[in-house]
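In: The following block contains a protein sequence and its predicted model.
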Amino acid sequence: MRLLVVEDESLLRQQLKMGLERAGYVVDDAADGVTGLYQATEYDYDAAIIDLGLPQLDGISVITRLRAAGKRYPVLILTARGDWQDKVAGLDAGADDYVVKPFRLEEIQARLNALLRRAAGFASPAIVSGPVQLDTSAKRVSVNGEGVELTAYEYKTLEYLMLHPDQVISKSELTEHLYAQDYDRDSNVLEVFVRRLRQKLDPEQTLHPIETVRGQGYRMRAMD
Amino acid sequence: MVTTRIGGYSLQNRLLVAVSVLLTVFLGLTGAVLDRAFRNSLETGVAEQLQVQIYVLLAAVDEADGDFYFSENLREPRFSQLNSKLYGFISSASDGELLRTASALDVNFQALGLNHDLGIGETRFGRLQAATGTEFFVSSYAVTWENRRSPILFSVLETTDTFAAEAAGFRNSLWSWLGGLAILLLVLQLLLLRWGLAPLRRLATDLQQIEAGESEALDTSYPRELSAVTGNLNLLIQSERKQQSRYRTTLADLAHSLKTPLAVIQGELGDDSRQSSLMREQLDRMNQIITYQLQRAVSTDNASTLARQVNVAEVIAKVVRALEKVYADKRVNISVDVDPALHFLGDERDLLEMLGNVLDNACKYGQGRVAVSATLASAAPPRMRLQIDDDGPGITVAERERVLQRGVRLDSLAQGQGIGLAVVVDIATSYGATVSVGSSELGGAAIVLMFDNIRVTA
């Protein structure tokens, strides 16, 4: 999951970035509205966290313009004033939820999880695809009710695929959303993760939850 | 507030009294002078007439054997008419009365007490009070007569009643004219004063309108004498407004600059050590105190800010849209029943804040069913009833009073519903509105706000 954090206070920005990276997100950051808007429209993020009080271009304008540019991913606003005029203005401009400063990182994560799930069209924190169940808030995966141990990267790969069921996800899209910018895109790490995921989810090779679409990428089969 | 006591210290009354006194003195003196002049000229007229009558007597009198007689008919008919009020006498100091005109047959000569000490050829005019009480004008002329030693006095008398009647008639009409003139002038002066002082009254109404928030600044169309004052007042109002908005901005900036470091500190704290949980608690409290005091400071002086008109339905729609997004997971169902003609006279920010807090609580603590209604409670004076219902646990009767107390310190408030409502009560009170808490038909709490600062438009 690739996130954009736009916040002018550098300490807070670093904290958010590090905290979210520890939680398994790939995080880009921007310190002002203009840079933030450029990144928000130039790259395809899974979600953005935007502070309302930004230098050069305020948060409301950033949100309005990125929505005008056709970006549909969820946006979480940070507001320091915390009055309803700010919140309503932000939500009206196209944001999806708000967090009032000061906040706890867990609160941000919970809101982000909910937004990402909602954006993918799932109402409850648990995403189910056949026997595979993924709990986005607890970050746990089970198959037929039995817990499966996954590494952080394996979990991220599975989560992204399950949030986009029946869609062909190219390797480059996956890499972009899962790993930091400087990651070597030519490596075969992704294939290794997918192979290990298949083994852990489907040791008997009966379900085939992840399909390989030759020359295009991977697809999570939607199962009832 | 400008207060005018009837008959009290008022510019108009002061000017009115001063001008009235002036007018009375001026018209009184004028009247007295005119009256005096008229009487004088009237008396002069009488004196001349009597003089003429003396010549008439002189021309007609003759003497034979020591007796005086009228040798011809007197040319003045009133001398021949008994009691005609015009009498002629011829007398001397030594012999007393010598001759009288026919008109004077009834007159008691002794009672007249005519003065005989005139020099020869001297004429004397004056008033004379007879012993009988009648007042006369008298004109006497002393001459030497042939062989007589003492001078002969020709006297003509005329009663003063004709003169008095004429003078009284003049005086009456003079004073009634002057009185009428005084009333006319007083009315004119009153009108002039009202017209002249009208800009001052306008200034008072304008200031009241500013106080009530119906207008932003004073008109510039005041007379030159006042425009210096109104100009300075406008500057004062402007600078007060600027200061107020600077105050608000400063507070917002303060909140912003305090909260971001708070967020950093909170982020730096480890997850589970006991120390950090204490610090977190304290950080939470600091944050809540900042939030609460900021909202109070920003919202307590609404009365003096420029009132604006906000459509209630639009504001409610905004808040509902926002909350439906925020509580999308909970699938809250907010039913809205709002009269679109209702307008809130005040800051949109304040209405948003009140609605946001109450509706947010309703969504947060309820199970998903929320109802908001804004209706006209009474048409004149206009009154709006704003009610928010939820299906949450509600607020117990015991808690209700505490929750509604104004200016409660944050430390003493319960989490959640309490904090939000305290802010709502503060803002509502600053608009003179009332807040009450009851039980809802939906099963939870019903918060009712009654506003008077309302306008209904078609």
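Out: The structure has been received and is ready for your questions.
In: From here on, just use CA atoms for contacts and neighbour counts.
Out: Fine.
In: Name the residue of chain A that lies nearest to chain B.
Out: Here the residue of chain A nearest chain B is residue A:102; by C-alpha to the nearest C-alpha that distance is 4.0 Å.
In: What values do phi and psi take at that residue?
Out: Dihedral pair for residue A:102: phi -80, psi 150, per degrees, to the nearest 10.
In: Work out for me the element the residue lying closest to it once chain neighbours are set aside sits within.
Out: Counting by C-alpha to C-alpha, 6 or more residues apart in numbering or on different chains, residue B:263 is the residue found nearest to residue A:102 once chain neighbours are left out, at 4.0 Å. Using DSSP states H and E, residue B:263 sits in helix B:224-268.
In: what's the spacing between that helix and its chain's center?
Out: Chain-centre distance of helix B:224-268: 37 Å, with C-alpha atoms, centre = their mean, to the nearest Å.
In: packing partners for it?
Out: helix A:10-22, helix B:274-299 (3 or more C-alpha pairs under 8 Å, 6 or more residues apart in numbering or on different chains; DSSP states H and E).
In: In contact with residue B:449: list those residues for me.
Out: Going by C-alpha atoms under 8 Å, 6 or more residues apart in numbering or on different chains, residue B:449 touches B:385, B:386, B:387, B:428, B:433, B:434, B:435, B:436.
In: Around chain B, pick out the residues from chain A.
Out: Residues of chain A lying close to chain B (C-alpha under 8 Å from any C-alpha of the partner chain) are A:9, A:11-12, A:15-16, A:80-85, A:87-88, A:91-92, A:96-98, A:101-105, A:114, A:118, A:123-124.
In: Just the buried ones out of those residues, please.
Out: Among the residues of chain A next to chain B, those buried by neighbour count (16 or more other C-alpha atoms under 10 Å in any protein chain shown) are A:9, A:11-12, A:15-16, A:80-85, A:87-88, A:91-92, A:96-98, A:101-105, A:114, A:118, A:123.
In: Filter the residues you listed down to just the ones in helices.
Out: A:11-12, A:15-16, A:84-85, A:87-88, A:91-92, A:105, A:114, A:118 (DSSP state H).
In: In TSV: those residues, plus pLDDT.
Out: Formatted as TSV, those follow (pLDDT from 0 to 100):
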residue	pLDDT
A:11	87
A:12	88
A:15	89
A:16	91
A:84	87
A:85	86
A:87	90
A:88	91
A:91	91
A:92	89
A:105	85
A:114	87
A:118	84
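In: give me phi/psi at residue B:453?
Out: Dihedral angles (degrees, to the nearest 10) for residue B:453: phi -80, psi 70.
In: now it, nearest residue through space, not along the chain?
Out: Of all residues not flanking residue B:453 in the chain, residue B:345 sits nearest, at 5.3 Å (C-alpha to C-alpha, 6+ apart).
In: Number of residues surrounding that neighbour?
Out: 22 (other C-alpha atoms under 10 Å in any protein chain shown).
In: got the contact list for residue 85?
Out: Unless you meant another one, I'm taking chain A. With contacts defined as C-alpha under 8 Å, 6+ apart, the neighbours of residue A:85 are B:349, B:352, B:353.
In: Oops, wrong one, chain B.
Out: B:78, B:103, B:157, B:158, B:159.
In: Tell me which entries of the residues you listed lie within strands.
Out: Those of the contacts of residue B:85 mapping onto strands are B:157, B:158, B:159, per DSSP state E.
In: just these now: which is nearest residue A:40?
Out: Distance to residue A:40 across those (C-alpha to C-alpha) is lowest for residue B:159, with 122.2 Å.
In: How is chain A divided into domains?
Out: Under automatic domain parsing, the residue ranges defining each domain of chain A are A:2-120, A:126-220.
In: for chain A, what are the low-confidence residue spans?
Out: Counting by pLDDT under 70, chain A contains low-confidence residues at A:123-125, A:180-187, A:224.
In: List the buried residues of stretch B:390-400.
Out: In terms of neighbour count (16+ other C-alpha under 10 Å), stretch B:390-400 has its buried residues at B:390, B:391, B:392, B:394, B:395.
In: Keep those residues, but drop any that are not near chain A.
Out: When contact is defined as C-alpha under 8 Å from any C-alpha, these do not meet chain A at all.
In: Which residue comes closest to residue B:316 once chain neighbours are left out?
Out: Spatial nearest neighbour of residue B:316, excluding adjacent residues (C-alpha to C-alpha, 6+ apart): residue B:355 at 7.2 Å.
In: Residue A:147: helix or strand, and which one exactly?
Out: strand A:146-148.
In: Kindly report the same for residue B:140.
Out: Residue B:140 belongs to strand B:135-143, assigned by DSSP H and E.
In: Tell me which other helices or strands that strand touches.
Out: Strand B:135-143 packs on helix B:11-60, strand B:123-129, strand B:152-159, going by 3+ C-alpha pairs under 8 Å, 6+ apart.
In: most tightly surrounded among the ones you listed?
Out: Greatest average neighbour count among these goes to strand B:152-159 (a mean of 25), per mean count of other C-alpha atoms under 10 Å in any protein chain shown.
In: Packing partners of the next helix or strand after that strand?
Out: As assigned by DSSP H and E, the chain's next helix or strand after strand B:152-159 is helix B:161-211. With contacts taken as 3+ C-alpha pairs under 8 Å, 6+ apart, helix B:161-211 sits against helix B:11-60.
In: and the angle from the helix it packs on to helix B:161-211?
Out: Angle of helix B:11-60 versus helix B:161-211, following axes from the mean of the first three to the mean of the last three C-alpha atoms, to 10 degrees, is 170 degrees.
In: Would you pull up how far helix B:11-60 lies from the middle of the chain?
Out: Distance of helix B:11-60 from its chain centroid, counting by C-alpha atoms, centre = their mean, is 41 Å.
In: quick check: mean pLDDT across it?
Out: Confidence over helix B:11-60 (mean pLDDT, whole number) is 91.
In: That one: what's the following helix or strand?
Out: Moving toward the C-terminus from helix B:11-60, the next helix or strand (DSSP H and E) is strand B:61-64.
In: Model confidence score at the residue in chain B that chain A sits nearest to, please.
Out: When scored by C-alpha to the nearest C-alpha, chain B has residue B:263 as its residue closest to chain A, at 4.0 Å. On the pLDDT scale, residue B:263 is placed at 81.
In: So which bits of the stretch 351-458 of chain B are right by chain A?
Out: Counting by C-alpha under 8 Å from any C-alpha, the stretch 351-458 of chain B comes close to chain A at B:352, B:353, B:356, B:357.
In: Let's have those residues in TSV, adding neighbour count.
Out: Below are those laid out as TSV (neighbours: other C-alpha atoms under 10 Å in any protein chain shown):
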residue	neighbour count
B:352	22
B:353	25
B:356	26
B:357	22
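In: okay, now the domains of chain B?
Out: Chain B breaks down into these domains under automatic domain parsing: B:1-211, B:218-299, B:306-456.
In: Lowest pLDDT pick from the contacts of residue A:85?
Out: Scanning the contacts of residue A:85 for pLDDT, the low point is residue B:349. It has 84.
In: In three-state terms, label it for me.
Out: Put simply, residue B:349 is helix when judged by DSSP: H, G, I helix; E, B strand; the rest coil.
In: which residues touch it?
Out: When contacts are counted by C-alpha under 8 Å, 6+ apart, residue B:349 touches A:84, A:85.
In: what comes into contact with stretch A:119-130?
Out: Contacting residues not belonging to stretch A:119-130 are listed as A:73-74, A:113-114, A:117, A:133-137, A:162-164, A:221-224, B:329 [C-alpha under 8 Å, 6+ apart].
In: Just the ones of those residues in strands?
Out: Reading strands off the contacts of stretch A:119-130 with DSSP E, I get A:133, A:134, A:135.
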